[in-house]
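*Asks:* coords below, sequence missing:
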Ligand SMILES: Nc1ncnc2c1ncn2[C@@H]1O[C@H](COP(=O)(O)OP(=O)(O)OP(=O)(O)O)[C@@H](O)[C@H]1O
């Protein structure tokens, strides 16, 4: 696709005998929010570091804006937050961004814009060390935003944040995308990614398990049905779909059925004299999909 601004071709990184990134093909398009998803240690950071030229691939290659990683023309169009940018604790947020802006030949206007965009304009004069973790992360995004890059690469931007901080970061990522930036963000927080990303790449043990839209990945949603009499409802549904596609949820049935077939099923139920009390579509979460696709066991706190 011509709109692809990040493309990797079987990119691989080995450390000694350990292959930490294994033949990964990523495709990030202009203007989209792309979630690079996987558990701790899956190879996300190493992949992102290869994209910006901080780590050299063992084999395979990457192109960012059609250029090799680290190429100045690509770097000028890319803002990066991988690990903390090492801000000075005794300087204010504004002074910290000024230092970075000066280094990159940018002016006060760029600093103002970045502070404003990450919601730190009011606290810009306060020392960095007085910032909350959420504010520190947002200043990191602000640093990546200096010079208005077309692509932002954010490694685990919600790491360590409390729910309020995560919500703020989510709002910020959506606002950045609305403003025309493509965002490539990594995360092990599935619920987070689901809410903000257009497409996701799922990595597990260094291998890309899938790359698709969140909607495609979740596939057809399931139908929750509450109807009486229950045995007749079950029998009618069982004539319509495979028994394996029928589950139970309390006093209801959960039916794996394409949305387009729902009206016919309802008609059959009515014809069979079944009273339908509730009919709701229940979407699969990215978590459910992910568990089906990988054998990885996530820590329960990582799933919230
Ligand atoms: N410089 C290095 N030398 C040796 N092994 C490394 C090096 N950098 C990363 N690794 C290993 O590569 C694997 C993948 O690490 P990476 O940081 O890319 O994963 P990740 O998906 O970003 O995980 P996390 O969310 O924990 O940061 C890990 O097993 C890690 O120990």
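*Replies:* Perfect, I can see it now. All of these numbers come straight from a predicted model, not from anything done at the bench.

*Asks:* can you list the domains in this protein?
*Replies:* 4-216, 220-283 (automatic domain parsing).

*Asks:* Identify whichever of these lies nearest to residue 291.
*Replies:* domain 4-216 (9.3 Å; C-beta to C-beta). All C-beta spots, glycine's among them, are computed from the backbone N, C-alpha and C.

*Asks:* returning to what we had before: which of the domains of the chain comes out lowest on mean pLDDT?
*Replies:* Sorting the domains of the chain by mean pLDDT places domain 220-283 lowest, at a mean of 88.

*Asks:* C-terminal to the longest helix belonging to the chain, what's the next element?
*Replies:* Ranked by residue count and defined by DSSP state H, the top helix of the chain is helix 163-178. Remark: after helix 163-178, the chain's next helix or strand is strand 182-187, criterion DSSP states H and E.

*Asks:* where's that next one relative to the chain centroid, distance-wise?
*Replies:* With C-alpha atoms, centre = their mean, to the nearest Å as the basis, strand 182-187 stands 6 Å off its chain's centre.

*Asks:* And for stretch 209-229?
*Replies:* Put simply, stretch 209-229 sits 19 Å off its chain's centre (C-alpha atoms, centre = their mean).

*Asks:* Quick check: buried residues in it?
*Replies:* Of the residues in stretch 209-229, those buried under the neighbour-count criterion (16 or more other C-beta atoms under 10 Å) are 209-211, 214, 217-218, 221-227.

*Asks:* State the phi and psi torsions of the residue of the chain positioned farthest from its centre.
*Replies:* Distance from the C-alpha centroid of the chain, by C-alpha atoms, centre = their mean, peaks at residue 273 (45.6 Å). Main-chain torsions, residue 273, degrees, to the nearest 10: phi 80, psi 20.

*Asks:* right, and it touches residue 236 too?
*Replies:* No: using C-beta atoms under 8 Å, residue 273 makes no contact with residue 236, being 9.3 Å away.

*Asks:* Show me what from the stretch 151-300 of the chain comes close to the ligand.
*Replies:* Within the stretch 151-300 of the chain, the positions lying close to the ligand (C-beta under 6 Å from any ligand atom) are residue 188.

*Asks:* residues near the residue of the stretch 151-300 of the chain found nearest the ligand, how many?
*Replies:* For the stretch 151-300 of the chain and the ligand, the shortest gap (C-beta to the nearest ligand atom) falls at residue 188, measuring 5.5 Å. Using other C-beta atoms under 10 Å, residue 188 is surrounded by 21 other residues.

*Asks:* partners of the residue nearest the centre of the chain in the sheet?
*Replies:* Central residue of the chain (C-alpha atoms, centre = their mean): residue 35, 2.7 Å from the mean position. Beta bridges link residue 35 to residue 185, residue 200, judged by DSSP bridges.

*Asks:* list the contacts for the nearest residue to residue 61 once chain neighbours are set aside?
*Replies:* Setting aside the residues directly before and after it, residue 61 is nearest to residue 9 in space (C-beta to C-beta, 6 or more residues apart in numbering), at 5.1 Å. Taking C-beta atoms under 8 Å, 6 or more residues apart in numbering as the criterion, residue 9 is in contact with 25, 60, 61, 62, 63.
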